[in-house]
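Participant: Test case, fold it:
(one chain, ligands or ions: 1)
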Amino acid sequence: METVVITGGSRGIGLALSQRFLALGYHVITSYRGTPSAAQMALADSSRLTLLELEVTNSDSVVQFAADVKTALAGRPLDILINNAGVIGPDAQAFDTVEAQAWLETLSVNTIAPLMVSRALLPLMTEAKRPRLVSISSQMSSLVGTGLGMYAYRSAKAALNKVMQVLSMEQAEHGIVVCPIDPGWVQTDMGGDAADITVDVCANGIAAVVEGLTMAQTGQFLTWEGSVRPW
Ligand code: NDP
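Facilitator: Alright, predicted model coming up:
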């Protein structure tokens, strides 16, 4: 049985990914802040589900999370890490309104935390047969995009892509596939009701992409449908 860690599983894409990987037969380890959400608790019937607390921006929490994951693995390796937890950032993100502190907080969650969580968990992945590490990015990061405003969110996800590309090159010698993935525009609290795809369509797509990842794809920026997205 393979194990996947999914950060930010209380709702949205992380919750749907938890459901999908449980349906596919994985041991799913997923995180919450404070207490598990009702929807997460509803998943807890499965003996293959482990719920752990994690605040991705808190270094003590990340260290404790890694220790708890190791305990839950009971000597088995971690096969897949999905850095999903993220924030859209402050309401005010236009040229005239974005403020430094709120921008820094967005970078902390969306850019820095995925590397810190990855650093804490990578030692658990080295013995896996096909270790894969993906971080949920956004099409709003793309350097060929033409969207305006949203300075904090766009820059945080663009920087996340670069962080993951560097990590992919450094981890290649260990056979660990590392990719940022654009999940599409998804109907969640963040994406809103008008978004293009349901959370289940998104999660099924991402799960299929992650299951099929090979070293030939490491360092690529992929979409939830598996195609290569321009950086
Ligand atoms: P939601 O806002 O619905 O869910 C965000 C999840 O991240 C929640 O579980 C939340 O936990 C968790 N989270 C946020 N901050 C932290 C933190 N500091 N520590 C731990 N967990 C945290 O967002 P989505 O499901 O829509 O988004 C998931 C990912 O997909 C994000 O990285 C987002 O940027 C990305 N994305 C989403 C798109 C969309 O259209 N929805 C489009 C492109 C990218 P809690 O419930 O405790 O707040």
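Participant: which residue ranges form the helices in this structure?
Facilitator: With DSSP state H, the ranges of helices along the chain come out as 12-23, 38-43, 59-73, 100-107, 113-121, 151-171, 199-212.
Participant: how about the fourth one, does it reach the ligand?
Facilitator: In this case it means helix 100-107. No - using Cβ under 6 Å from any ligand atom, helix 100-107 never reaches the ligand; the gap is at least 9.0 Å. In short, each C-beta sits where N, CA and C put it, glycine included.
Participant: Using neighbour counts, pick out the buried residues of that helix.
Facilitator: Across helix 100-107, burial judged by 16 or more other Cβ atoms under 10 Å covers 102-103, 105-107.
Participant: want to throw these into a markdown table with pLDDT?
Facilitator: Formatted as a markdown table, these follow (pLDDT from 0 to 100):
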| residue | pLDDT |
| --- | --- |
| Ala102 | 98 |
| Trp103 | 98 |
| Glu105 | 98 |
| Thr106 | 98 |
| Leu107 | 98 |
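Participant: For Arg11, which non-adjacent residue is closest in space?
Facilitator: Ser37 (5.9 Å; Cβ to Cβ, 6 or more residues apart in numbering).
Participant: residues in contact with that neighbour?
Facilitator: Contact analysis of Ser37 by Cβ atoms under 8 Å, 6 or more residues apart in numbering lists 10-11, 15.
Participant: Just give me the closest of the buried residues of helix 100-107 to Thr188.
Facilitator: Using Cβ to Cβ, Thr106 is the member of those that lies nearest Thr188, at 17.2 Å.
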